[in-house]
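S.K.: Need a 3D model of the following:
(3 chains)
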Amino acid sequence: MWLQQTLFLSAKPRGFHLITDEVLAQIRELTSIRVGLLHLLLQHTSASLTLNENCDPSVRLDMERHFLRSVPDSASYEHDYEGGDDMPAHIKSSLLGASLTLPVKHGQPELGRWQGIWLGEHRIYGGSRKIIATLQGE
Amino acid sequence: MWLQQTLFLSAKPRGFHLITDEVLAQIRELTSIRVGLLHLLLQHTSASLTLNENCDPSVRLDMERHFLRSVPDSASYEHDYEGGDDMPAHIKSSLLGASLTLPVKHGQPELGRWQGIWLGEHRIYGGSRKIIATLQGE
Amino acid sequence: MWLQQTLFLSAKPRGFHLITDEVLAQIRELTSIRVGLLHLLLQHTSASLTLNENCDPSVRLDMERHFLRSVPDSASYEHDYEGGDDMPAHIKSSLLGASLTLPVKHGQPELGRWQGIWLGEHRIYGGSRKIIATLQGE
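M.R.: Model (predicted):
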């Protein structure tokens, strides 16, 4: 069985956001899959999807501080049409990646106890974001 | 339906290269897939595959400058058989990743408007590169 | 055909480890797949899976030195419950990623000649690690 669907994420400030519930609530057919895979592609080049800690919000703040430091807005970039956060957002998107593949078991993603889906919003005003979800299984 | 195929990329200079067309032109069966997934594995440990901006070439130049700065050839590495670009190429390959999974819809990868497939060529003389493409769908 | 299985990795010291054999030995059904995909999800947020060089151990040592330098234990982190290696481990896990998808051909992962599966153990005492393997093919 194949299902493909467009998901929408509400606009979020720059930083990392736990979006497990926002994503899964939109995929109704997940519960009908006994074993399979869920693929998520974020259709943007200035944001990212990653798996990380689903509990303490300070992990997301420390992660953001790390990336602001290691990919600084203040470095000299040729591509700066849209401001100092433009090119760093492209770099962070490739460092973290824009897609995830998750195992599905008995209607749920089979994540580790502490794993959640994060959106890395790397633009100051990124706006709403789109994901193509492809679900496959039996 | 499963299809698996070896793709070849022409030799490219060190840096990031937009290879969407070079990749897709080699996968004839793509057009027969209504819904599915395309998986690409670059069979190398000194180059990478990533999704990023498909338009302004300066994004690729800025990306290359970022990686030359953050993973410098001049750092001290034990593994330096093949020159100063050898170990940095391995590091960049793991930072960016060597594979991509893309949703397929109506015979085409369902990428975002600004997304393209990039090869990160991290060796000065990397030569031709090989990708295993696995296409699955209905 | 779908198969899903939990794999266990023995506890390893902080650093990068070649685990191709340890992983594949646990997936008996691999040999029955003519063409397919093997997906591996590491169910942790302080370790990572990546593909890199399967031969010279100094590549793994240089990789570890790079990450100790670029994501230092000594940076100031808010999330430090479990020591200086705690937050850096979360950052490295997202930089490198916690999952891999590998093409399967004639009962084996179709990796490049120099590619192996690496575990990035980013905690000083990470303990045993769990992977969900999802195998699909025909």
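S.K.: residues in chain A within reach of chain B, list them.
M.R.: Neighbours of chain B within chain A, by C-beta under 8 Å from any C-beta of the partner chain: A:2-4, A:39, A:41-45, A:70-71, A:75, A:77-79, A:81, A:87, A:90-91, A:93-95, A:97-99, A:101, A:130, A:132, A:134, A:136. Heads up, the C-betas are built off the backbone N, CA and C, glycines and all.
S.K.: Among those, name the buried ones.
M.R.: A:2-4, A:39, A:41-45, A:70-71, A:77, A:79, A:87, A:90-91, A:93-95, A:97-99, A:101, A:132, A:134, A:136 (16 or more other C-beta atoms under 10 Å in any protein chain shown).
S.K.: Return the subset of those residues lying in helices.
M.R.: If you go by DSSP state H, these have A:70, A:87, A:90-91, A:93-95 in helices.
S.K.: Give the buried residues for stretch A:60-73.
M.R.: A:60, A:62-68, A:70-71.
S.K.: can you count the residues close to the residue in chain A that chain C sits nearest to?
M.R.: For chain A and chain C, the shortest gap (C-beta to the nearest C-beta) falls at A:G112, measuring 3.0 Å. By other C-beta atoms under 10 Å in any protein chain shown, the residues close to A:G112 number 19.
S.K.: how about it, secondary structure?
M.R.: The local conformation at A:G112, judged by DSSP: H, G, I helix; E, B strand; the rest coil, is coil.
S.K.: check contacts around it.
M.R.: With contact set as C-beta atoms under 8 Å, 6 or more residues apart in numbering or on different chains, A:G112 has these partners: C:42-45, C:130.
S.K.: With A:F8 instead?
M.R.: The contact partners of A:F8, taken as C-beta under 8 Å, 6+ apart, are A:26, A:128-131.
S.K.: Buried among those? Need that as a selection in ChimeraX.
M.R.: Selection of buried members from these for ChimeraX, criterion 16+ other C-beta under 10 Å:
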select /A:129,131
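S.K.: Beta-bridge partners for A:G36, please?
M.R.: Beta bridges link A:G36 to A:V104, A:G137 when assigned by DSSP bridges.
S.K.: picking that back up, export the contacts of A:G112 to TSV and append columns for pLDDT.
M.R.: Below are the contacts of A:G112 laid out as TSV (pLDDT from 0 to 100):
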residue	pLDDT
C:L42	98
C:Q43	98
C:H44	98
C:T45	98
C:K130	98
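S.K.: so which two of those are the farthest from each other?
M.R.: Greatest spacing in the contacts of A:G112, by C-beta to C-beta: C:T45 and C:K130 (12.3 Å).
S.K.: how close does A:H39 sit to A:D86?
M.R.: The gap separating A:H39 from A:D86 is 28 Å, by C-beta to C-beta, to the nearest Å.
S.K.: which ones are touching the residue nearest the centre of chain A?
M.R.: Nearest to the centroid of the C-alpha atoms of chain A, with distances taken as C-alpha atoms, centre = their mean, sits A:L49, at 2.4 Å. Applying C-beta under 8 Å, 6+ apart, we find A:L49 in contact with A:40, A:42, A:96-100, A:117-120, A:131.
S.K.: Find the helix or strand that it is a member of.
M.R.: Counting by DSSP states H and E, the element that carries A:L49 is strand A:47-53.
S.K.: in chain A, which ranges drop under the pLDDT threshold?
M.R.: Applying pLDDT under 70 to chain A flags no residue at all.
S.K.: And the residue of it at minimum distance from chain B, its phi and psi?
M.R.: Proximity of chain A to chain B (C-beta to the nearest C-beta) peaks at A:Q43, 2.9 Å away. Main-chain torsions, A:Q43, degrees, to the nearest 10: phi -90, psi 40.
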